[in-house]
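A.B. asks: Structural data only, the sequence is not supplied:
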């Protein structure tokens, strides 16, 4: 089965997403942007679901870790904002250039990290949830984002 992203003969990337998928991605991008704006500072994320986006470099040395985070936090946040900007600006596009696709990959990966942390996803997690499970819709979105990310990686490497 071909994914929603494929390289064209011109070297750009065709993006075949339904209106519903585009609406979902717009909503998720806006939610992530809001969470980033509300929660992060140079000390790192307070919300545990965002911590994977601002990793700890020195888990056993709080002073060094704080110093590290103060050096890289603004850059990491700026890159995440820029990726979200690109997704939001190109959401209706049917073609992306490589830089745009790379930004999409970064944003989709960030969304997966946040959702995966929220769901406490591990290698043993069954991605096909019982419909009665209250987390089933979020798990379905997590699976979709993985499918989309895999399609992007495949298109770039193909």
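C.D. replies: In hand now; what should we look at? Computed from a predicted model, the values in this text were never measured in an experiment.

A.B. asks: what about the helices in this protein?
C.D. replies: 19-39, 62-90, 98-119, 136-157 (DSSP state H).

A.B. asks: So which of those helices is nearest residue 46?
C.D. replies: Relative to residue 46, the nearest member of those by C-beta to C-beta is helix 19-39, separated by 5.4 Å. For every residue, glycine as well, the C-beta is placed using N, CA and C.

A.B. asks: List the buried residues for that closest one?
C.D. replies: With burial defined by 16 or more other C-beta atoms under 10 Å, the residues of helix 19-39 counted as buried are 25, 28-29, 32-33, 35-36.

A.B. asks: what distance separates it from the centre of its chain?
C.D. replies: 10 Å (C-alpha atoms, centre = their mean, to the nearest Å).

A.B. asks: now it against helix 98-119, angle please.
C.D. replies: Per axes from the mean of the first three to the mean of the last three C-alpha atoms, to 10 degrees, the angle that helix 19-39 makes with helix 98-119 is 70 degrees.

A.B. asks: same for helix 19-39, what does it pack against?
C.D. replies: Contact here means 3 or more C-beta pairs under 8 Å, 6 or more residues apart in numbering; DSSP states H and E; on that basis helix 19-39 packs against helix 62-90, helix 98-119, helix 136-157.

A.B. asks: could you give the angle of the second one to helix 136-157?
C.D. replies: To tie it back to what came earlier, the one meant is helix 98-119. Here helix 98-119 points in a direction 150 degrees away from that of helix 136-157 (the same axes, to 10 degrees).
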